[in-house]
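Student: here is a sequence together with a model predicted from it:
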Amino acid sequence: MGDPASMVDLHYEDIVVGDGVETQAHTITMDDILGFAAVTRDHHPLHVDPDYCSRTEFGRPIAHGLYGLALIEGLKSELKLYENTSIASLGWDKVSFRAPAFVGDRVHVRMRFLAKRPSRDPARGIVTEGVELLNQDGRVVVAGEHVTMVKCRAAAS
């Protein structure tokens, strides 16, 4: 894994397929889960009702899978990989929710550049990232591929 400090404001030309980076960790709180439920209007009892959850196989509330996916983006953004070079997120592929995330779990993101290609506009490039949200035990909670468009260095001059 690369040094996050050396991977700030990456242009298309800077990206090396196979390189990767890991983020700092975040501890999931019940406030995180309730806040996500409020914003998304997803108040399913598996996420917000400890009494209900005590009677499930999980035994306690689990974080929304989409919260984990959103947290991936938030933790990645703290790295400032494309702080001034990002053009747009083009989407997510192969997303899977592999394990539950609980209050108190300490999670971080492991990201690797899987592919890159020029776009039709020579000032832009397309990058595919493989991303995983891992818990404190190294278990993958959420995984997927993110496709993003970034500026080319020639366009910055």
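Tutor: Perfect, thanks for sending it.

Student: next, count neighbours for residue 106.
Tutor: Neighbours of residue 106 under the rule other C-beta atoms under 10 Å: 12. Every C-beta, even on glycine, is put in place using the N, C-alpha and C of the backbone.

Student: if you could redo that for residue 146, that was the one I meant.
Tutor: 22.

Student: wait, a helix at it?
Tutor: No: using DSSP: H, G, I helix; E, B strand; the rest coil, the secondary structure at residue 146 is strand, not a helix.

Student: show me what it bridges to in the sheet.
Tutor: residue 92, residue 129 (DSSP bridges).

Student: list the contacts for it?
Tutor: Residues near residue 146 by C-beta atoms under 8 Å, 6 or more residues apart in numbering: 72-73, 89, 91-92, 128-129, 131.

Student: name the single longest helix found in the protein.
Tutor: Counting residues, the longest helix in the chain under DSSP state H turns out to be helix 65-79.

Student: which helices and strands sit right next to that helix?
Tutor: Applying 3 or more C-beta pairs under 8 Å, 6 or more residues apart in numbering; DSSP states H and E, we find helix 65-79 packed against strand 26-27, helix 30-40, strand 86-97, strand 106-118, strand 124-134, strand 140-151.

Student: can I get those in a markdown table including distance to residue 48?
Tutor: Shown next, in a markdown table, are the helices and strands packed on helix 65-79 (distance: least, C-beta to C-beta, whole Å):
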| stretch | distance to residue 48 |
| --- | --- |
| strand 26-27 | 19 |
| helix 30-40 | 5 |
| strand 86-97 | 17 |
| strand 106-118 | 19 |
| strand 124-134 | 21 |
| strand 140-151 | 19 |
